[in-house]
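Student: Structure for the following, please:
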Amino acid sequence: MSTKKLSIIIPVYNVEKYIKKCLDSVFNQNISSSVFEVIVVNDGTQDNSMSIVNDFVKKYDNIVIVEQENKGLSAARNAGLRIAVGDYVWFVDSDDYLTDENVIEKIYSVLEENLDVEIISTGFYLEDELTRDRNIQQVVKDKSFLGKIYGRDEYSLIAKNKGCAPRYIIRRDFLLNNNINFHEGVFHEDCEFVAKLLFFGHKIFLMKDVLYVYLIRIRGSITSTFVYKRLYDCLEIANELINFRNKNAKTIVDEEFLNSTILYLYVYSLELISLQGVEKEVASTKYIEFSSLFRKMNKDVLSFRPQNHWLSLFGTIALFSPKLFLLVYPIYKKIKA
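Tutor: Numbers count the residues shown, from 1 in each chain. Below you'll find the model as predicted:
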């Protein structure tokens, strides 16, 4: 095993407002810096971010810088993964931060007691940038499930929210052996990454502690072009998962595990079209067009009914009547809020 237990990979692009807090949280840990490395990938940032990073380079000897032209978040994460030497890797976004100074020590303790664990799954806080209000996003509702190791199917049954890549600390050779990396050039890359990650997972540890703060940033206006890019990226990711399912799924349980993410992508993509800034007439046309493409691409998922009742309900509505979905889903969102 490497002398470095953990590699923390942090892509950087135009985050001068956030990067110092992120790096402070990583380096101000109550554990020797010899057990972890920090890989900062400069994804062609155009602001003062790297000047701030360089201040940390002067102070710490466990930080590595990777320089590349702007290629996007996935490419930056993959670049960091290629040079990582830690036994485990953790993808931390540069506008987020760790909860306290004991985070890495807590991870280290789990790994010392569970030498063969493949994946650590942790809860996180959603923090509103404007109000600083926090909302905890725990993996499971029942805390009695925490602090234990599960196989994929057990984990899927109890996990209410599979979440995004920063939720997981992952054994590096597990990623390499299963050829898992990030789909470059698209939005929603985490959906594909997490689905493949958990598909191969046999030993997933549910962390008791919440280790991560995910910042909900203040965004500018949403344009139709931006929404449609995300929309068709959903289709691309769904198609990749369908091909992955057809190649790797050996049982009905395997198929259902992947179909859940595929159906989620479809429902989420239709939700995108109802965002403010997308004209209703255009939205209605896009619904019909996208629904037709999805149905042709993946007929099997039409009969799939996931355990998540809301996903099952709105997935059914969306697949058979996109226009009805356009009417009822905003009402559901208001009630839920």
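
Student: Stretch 141-156: end-to-end distance?
Tutor: One end of stretch 141-156 to the other measures 13 Å (Cα to Cα, to the nearest Å).

Student: Show me what that stretch is in contact with.
Tutor: 114, 117, 121, 139-140, 158, 160, 198-208, 253, 257, 260 (Cβ atoms under 8 Å, 6 or more residues apart in numbering). All C-beta spots, glycine's among them, are computed from the backbone N, C-alpha and C.

Student: Buried ones in that stretch, by neighbour count?
Tutor: Phe145, Leu146, Ile149, Tyr150, Arg152, Tyr155, Ser156 (16 or more other Cβ atoms under 10 Å).

Student: Now the fourth one. Its backbone dihedrals?
Tutor: Dihedral angles phi and psi of Tyr150 (degrees, to the nearest 10) take the values phi -130, psi 150.

Student: Could you report the pLDDT at it?
Tutor: pLDDT recorded at Tyr150 is 94.

Student: Which of the contacts of stretch 141-156 fall in strands?
Tutor: Judged by DSSP state E, strands contain the following of the contacts of stretch 141-156: Ser121, Ile204, Phe205, Leu206, Met207, Lys208.

Student: Gly72 touches Val41, doesn't it?
Tutor: No: using Cβ atoms under 8 Å, Gly72 is not in contact with Val41, being 10.9 Å away.

Student: out of those two, which sits in the more crowded spot?
Tutor: Val41 (27 against 18; other Cβ atoms under 10 Å).

Student: In this structure the more buried one contacts Val12, no?
Tutor: Yes: the pair Val41 and Val12 passes the contact test of Cβ under 8 Å, sitting 6.5 Å apart.

Student: shared neighbours of the two, anything?
Tutor: Ala76.

Student: now Leu175: how far from Glu189?
Tutor: Plainly put, Leu175 is 14 Å away from Glu189 if you go by Cβ to Cβ, to the nearest Å.

Student: Excluding chain neighbours, what is closest to His183?
Tutor: Among residues not flanking His183 along the chain, Glu189 sits closest, at 4.7 Å (Cβ to Cβ, 6 or more residues apart in numbering).

Student: Contact partners for that neighbour?
Tutor: Leu73, Ser74, Phe182, His183, Ile237.

Student: do that again at 7 Å, thanks
Tutor: Ser74, Phe182, His183 (Cβ atoms under 7 Å, 6 or more residues apart in numbering).

Student: and these as TSV, adding distance to Val194?
Tutor: Compiled in TSV, these are given as follows (distance: Cβ to Cβ, whole Å):
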residue	distance to Val194
Ser74	13
Phe182	11
His183	12
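
Student: Buried ones among those residues?
Tutor: By 16+ other Cβ under 10 Å, those give Ser74, Phe182, His183 as buried.

Student: mind giving me TSV with the residues you listed and columns for pLDDT and secondary structure?
Tutor: Below are the buried ones among the contacts of Glu189 laid out as TSV (pLDDT from 0 to 100; DSSP: H, G, I helix; E, B strand; the rest coil):
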residue	pLDDT	secondary structure
Ser74	97	helix
Phe182	97	coil
His183	96	coil
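
Student: Tell me where the stretch 1-150 of the chain has strands.
Tutor: Using DSSP state E, counting those that start in this stretch, the strands found in the stretch 1-150 of the chain span residues 6-12, 36-43, 63-68, 88-91, 97-98, 119-128, 134-137, 149-150.

Student: Check the offset of the fourth one from the chain's centre.
Tutor: Read that as strand 88-91. 13 Å (Cα atoms, centre = their mean, to the nearest Å).

Student: Show me the contact partners of that strand.
Tutor: 5-9, 77, 81, 111, 165-166, 169-172.

Student: Kindly report the same for the first one.
Tutor: By Cβ under 7 Å, 6+ apart, the surrounding residues in contact with strand 6-12 are 19, 22, 26, 35-43, 45, 49-50, 53, 73, 76-77, 80-81, 84-86, 88-92, 94, 104, 107.
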